[in-house]
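Enquirer: sharing a model that was predicted from the sequence below.
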Amino acid sequence: MASDQQGATLTFSTFSAVIDRITPSGFDVTSIDTTPLATTDYRTKMAASLVDCGNVEFEFQFTSGITIPAMKTAGTMLITLSDGHTWSQSAFMQNYVPPDTSSGADDKMMATITLELTGAPTCSWW
């Protein structure tokens, strides 16, 4: 679910920007079939795997002072919402889509970065 966050800021490594749109992918746990071959009761035994924290895509207005982190840069993602609540989590740089420079001079130059999330989240509203 995408959310339009007026005044939300993202800080990650050397990168800091006011975010126009935050799109998280959600957390996921994969199940693993652990049924032994000797099972005779026709039941499947399933076990939970590790938690995949997914990723978060951020759309922001590109300005000349913004430094984009290199791919695979690891660090702590910190999102600060306009009401002061925060979301912090370990992450690494996964994707960067530069702004479309063919747009007119009056248009915003929007760019996107995607961070792959690792570790447990820390949220001030939980």
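Expert: Received the coordinates, thanks. Residues are numbered from 1 along each chain as shown.

Enquirer: is it true that His85 touches Thr9?
Expert: No: assessed by CB atoms under 8 Å, His85 is found out of contact with Thr9, at 11.9 Å. (C-beta placed from N, C-alpha, C; glycine too.)

Enquirer: need the longest strand for this protein.
Expert: When the chain is parsed with DSSP state E, its longest strand is strand 110-123.

Enquirer: the more surrounded of His85 and Thr9?
Expert: Between His85 and Thr9, counted using other CB atoms under 10 Å, Thr9 has the larger neighbour count: 16 against 13.

Enquirer: for the more buried one, which non-adjacent residue is spatially closest?
Expert: In space, and not counting its chain neighbours, Thr9 is closest to Thr80: 5.0 Å by CB to CB, 6 or more residues apart in numbering.

Enquirer: tell me the contacts of that neighbour?
Expert: Ala8, Thr9, Thr11, Thr86 (CB atoms under 8 Å, 6 or more residues apart in numbering).

Enquirer: same check, this time on Thr112
Expert: Residues counted as contacts of Thr112 (CB under 8 Å, 6+ apart) are Glu57, Phe58, Glu59, Phe60, Asn95, Tyr96, Val97.

Enquirer: okay, and the beta partners of it?
Expert: Beta-bridge partners for Thr112, by DSSP bridges, are Glu59, Val97.

Enquirer: hmm, back to that, just among the contacts of Thr80, which is most surrounded?
Expert: With neighbours defined as other CB under 10 Å, the most crowded of the contacts of Thr80 is Ala8; it has 22 neighbours.

Enquirer: wait, that residue touches Asp83, no?
Expert: No: here Ala8 lies out of contact with Asp83, judged by CB under 8 Å, at a distance of 9.6 Å.

Enquirer: in the protein, which residue is most central in space?
Expert: Central residue of the chain (CA atoms, centre = their mean): Val56, 1.9 Å from the mean position.

Enquirer: is the most far-flung residue of the chain relative to its centre in a helix, a strand, or coil?
Expert: Farthest-out residue of the chain from its mean C-alpha position, per CA atoms, centre = their mean: Thr40, at 43.9 Å. At Thr40, secondary structure determined by DSSP: H, G, I helix; E, B strand; the rest coil is coil.
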